[in-house]
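In: Structure for the following, please:
(2 chains)
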Amino acid sequence: MALKLYESLSRSLRELRRPDPTNPADVFTFYNCGPTVYAPAHIGNFRTAVVNDVIRRLLELEFGPTKVKHVRNLTDVDDRTIAQALKEKRPLAEITQKWTEKYQADSAALNCLIPHVQPTATGHIKEQVSMIEVLMEKGNAYRGADGSVYFKIDSFPEYGALSRIKDRELKITDASADSDHKDSVSDFALWKAYKPSEDGEVKWPGPKGAAEGRPGWHIECSAMIKKHLGDTIDLHTGGVDLLFPHHENEIAQSNCCNGVTFARHWYHSEHLLVDGTSMSKSKGNYYTLSDLVEKGYSPMAVRYALLAGHPRKQLNFTLDSLHAAEKAISGIRNRLYEMGVYGNVLFFRQEFESVLTADDDLEWGLFAEAWELLKSDLNMPAALGAAFSAISHITDLDLSGKLTTERWRLEFLSAYRFFNRALGIDLQLPTVEEKKRLESDQSKTTPDEITALAEQRWAAKQAKDFATADKLRAELTAAGWTMLDRKDGYSLEPLKKA
RNA sequence: GGCGCGGUCGCCAAGUGGUAAGGCCGAGCUCUGCAAAAGCUCUAUCGGCGGUUCGAUUCCGCCCCGCGCCUCCA
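Out: Residues are numbered from 1 along each chain as shown, chains lettered A, B, ... in the order given. Here you go, the predicted model:
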């Protein structure tokens, strides 16, 4: 079945365009609205990022890894970035650089693929200016009294198609009412004239006929898309909150400037709620990735938790659901290991690695249903359900002695492909070398006295002196460590903080 | 006020006009000295009231509750 995704403009499920496989130049163009880099992104931002990452992964699996071009912007000049720079009395670039790096580090920790291009607004001032000039020439934009430039909504009859704004009764707020020098309150800024009191040192020469200043928010996406992906793109995504006005305005700008359809497909992911309500610092439910890592949760569990709901539905994130995610991942891993797979995993390691990049015909085995559900409008909860069923099925086969090596290989490759490659949930299957290194790293961070206790206990256990062994286990527990026995050895883990 | 989304097991969360996936938690059991891991078993009638229907959690209406957007929030 083809890859289907809800389309916001038509409000229906639509197939995504499949690029011509025989034409190397024909790639699927995918743009997603990225972060504003003025502070650490919160997990709600990352829900959108992770959902988009899965879209990217599905596109590559479906069309081939070389058939997709993914662009995500970085908004590094706007009201908030400038305000933050003024507040800290530091140059704008310093602030945005810092938070860009943090965003990229967090994305990497969440196992998100790096977009092929990550353009910045400040790096595309020229492109934005020239686009504004075209819009002015065509009569879609006008100069305000203060030298700002506004887009004239009336000049674009289709305005409002995406958000159905014409059905809405716009609330007239102070911000919109006093908005400077617009002809109509609905017109939006393409270029904002420099205001010394608000803009600090941030300014560029403006479009012809306009004052110096800085670009409005919406134009950056239109300009960067035009430059990096062309006049018409295959897929444009973002969070629901961007539907209006941001995406509506992008459509207006790009359509009027280029005269062709802007995006063939629009997709919006819903927001994350925390403890049943919107996140805010005053409610104490505002989390960044670092906050959660400090609490002892793994980034992979965060990723899983963010993917555990349907992307077009609000997802309620709680620390309980994060705990559930942590257990779900370790459960999957343990179950796959348990069926005597571990040694084979190491044996086939190379093959698994190749699965991560191959674009040959894919066999999904028992994971076929999970894969289809994923392709069907990103139904992740249903897909995960099917994946768990598939794992149980493999276990059944194993327990009943029906899991031949060949069958196992197929199913395990499918599992690995589904979790690691499609969902981006790294099952972390270590090679022998990695395993050794992991254990030596662990011994470095384990206090010597703990290691000594563990050694003594292991020796006692080997000597079947269980009384001593139990006593030593109790001592380890009291010292805050837990000892996990295996057939051939043990590992030490610090007890989880409450 | 306008536009839109949602209320399903203790928690998270799919789904369907014919009596409800999955994960977590909990309980019991099996196995392995203990622990961990794993396996098996058990745990819901779908916000409320009407209507349509042979039959609704699933369609329609009303009500209650929650959430989002309404000019720069993913």
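
In: isn't A:Phe156 right up against A:Cys257?
Out: No. At 10.7 Å, A:Phe156 and A:Cys257 do not qualify as touching, with contact defined as C-beta atoms under 8 Å. For glycine as for every other residue, the C-beta is placed from the backbone atoms N, C-alpha and C.

In: what about those two, which has more around it?
Out: A:Cys257 (24 against 18; other C-beta atoms under 10 Å).

In: just to revisit the earlier point, can you list residues touching both of A:Phe156 and A:Cys257?
Out: Counting by C-beta atoms under 8 Å, 6 or more residues apart in numbering, the contacts common to A:Phe156 and A:Cys257 are A:Asn140.

In: Surely A:Trp191 is in contact with A:Gly209?
Out: No. Under the criterion of C-beta under 8 Å, A:Trp191 makes no contact with A:Gly209, lying 10.2 Å away.

In: Considering only chain A, name the residue that lies closest to RNA strand B.
Out: In chain A, no residue comes nearer to RNA strand B than A:Gly239, which is 1.2 Å away by C-beta to the nearest atom of the strand.

In: Let me see the contact set for that residue.
Out: Counting by C-beta under 8 Å, 6+ apart, A:Gly239 makes contact with A:Cys33, A:Thr48, A:His268, A:Ser269, A:Glu270, A:His271.

In: Got phi/psi on A:Thr482?
Out: Taking degrees, to the nearest 10, you get phi -120, psi 140 for the backbone angles of A:Thr482.

In: wait, what's in contact with it?
Out: Contacts of A:Thr482 (C-beta under 8 Å, 6+ apart): A:Leu476, A:Leu492, A:Glu493, A:Pro494, A:Leu495.

In: What about RNA strand B: which of those touch it?
Out: For RNA strand B, no contacts are drawn from the contacts of A:Thr482 by C-beta under 7 Å from any atom of the strand.

In: Of the residues you listed, grab the buried ones for ChimeraX.
Out: Buried subset of the contacts of A:Thr482, written as a ChimeraX selection, criterion 16 or more other C-beta atoms under 10 Å:
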select /A:476,492
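
In: Could you point out the helix or strand that follows the helix or strand of chain A with the lowest mean pLDDT?
Out: Between all helices and strands in chain A, the lowest mean by mean pLDDT, DSSP states H and E belongs to helix A:174-177, at a mean of 44. Per DSSP states H and E, the first helix or strand lying C-terminal to helix A:174-177 is strand A:188-193.

In: Show me what that next one is packed against.
Out: Secondary-structure packing of strand A:188-193 (3 or more C-beta pairs under 8 Å, 6 or more residues apart in numbering; DSSP states H and E): helix A:125-137, strand A:149-151, strand A:213-215, helix A:217-228.

In: And the contacts of the first one?
Out: Which is helix A:125-137. A:121, A:141-143, A:149, A:151, A:190-191, A:204-210, A:215, A:219-220, A:222-224, A:226-227, A:253, A:256-257.

In: Buried ones among the residues you listed?
Out: A:121, A:141-143, A:149, A:151, A:190-191, A:204, A:206-207, A:210, A:215, A:219-220, A:222-224, A:226-227, A:253, A:256-257.

In: Turn the helices and strands packed on strand A:188-193 into CSV, including distance to RNA strand B and mean pLDDT.
Out: Converted to CSV, those look like this (distance: least, C-beta to the nearest atom of the strand, whole Å; pLDDT from 0 to 100):
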stretch, distance to RNA strand B, mean pLDDT
helix A:125-137, 13, 97
strand A:149-151, 9, 94
strand A:213-215, 9, 96
helix A:217-228, 3, 96
